[in-house]
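Chemist: Sharing a model prediction with you, sequence too.
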Amino acid sequence: MFARTKHGANCLIAQLLKDSISALAIYGNKKFKNSTLQVLVATNILARGIDTDQLPNVVNFDLLNIPEDYAYRIACTSRAGTTGQAISLVCIDEHQC
């Protein structure tokens with residue numbers, strides 16, 4: 001999952017853990033090696049550098065202002081040649097008329 005900010009990532013992790021979902025936030029100054037996680041929450045800075053063969057889904061929790069940036073979150077988030085899905089979550093408050 002991708003969040004816009006470190007604070008947003010940490011808030012999302014807190015909620016996931018509260019819901020008994022194993023999760024970890026990762027951003028510029030954090031690393032992970034736990035392969036038993038259900039959810040890894042990253043900020044945009046990590047979108048260009050994640051390389052794993054165990055990433056079946058990319059979830060955009062926070063929407064981006066620049067559509068081209070989705071390429072880094074989705075297409076450039078390497079899945080080591082495997083296929084997967086991209087899901088964007090949208091709140092009614094984010095809809096512009």
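Modeler: Done, it's in.
Chemist: switch to C-alpha atoms for all contacts and neighbour counts from now on
Modeler: Fine.
Chemist: hmm, which helix or strand of this protein has the shakiest average pLDDT?
Modeler: helix 70 (a mean of 76; mean pLDDT, DSSP states H and E).
Chemist: Could you pull out the strands in the chain for me?
Modeler: Remark: strands assigned in the chain by DSSP state E are 2-3, 23-26, 39-43, 57-60, 85-88.
Chemist: export these to a markdown table and tack on mean pLDDT, mean neighbour count and distance to Leu16?
Modeler: Below are the strands of the chain laid out as a markdown table (pLDDT from 0 to 100; neighbours: other CA atoms under 10 Å; distance: least, CA to CA, whole Å):
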| stretch | mean pLDDT | mean neighbour count | distance to Leu16 |
| --- | --- | --- | --- |
| strand 2-3 | 83 | 24 | 13 |
| strand 23-26 | 84 | 21 | 7 |
| strand 39-43 | 79 | 22 | 8 |
| strand 57-60 | 83 | 19 | 14 |
| strand 85-88 | 84 | 12 | 17 |
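Chemist: Adding distance to Pro67, write the ones you listed out as a markdown table.
Modeler: Output for those, formatted as a markdown table (distance: least, CA to CA, whole Å):
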| stretch | distance to Pro67 |
| --- | --- |
| strand 2-3 | 15 |
| strand 23-26 | 23 |
| strand 39-43 | 16 |
| strand 57-60 | 12 |
| strand 85-88 | 12 |
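Chemist: low-scoring stretches of this protein, by residue?
Modeler: Scanning the chain for pLDDT under 70 picks out 28-35, 45-54, 72, 75-82, 94-97.
Chemist: Before I go, just wanted to say thanks for your time.
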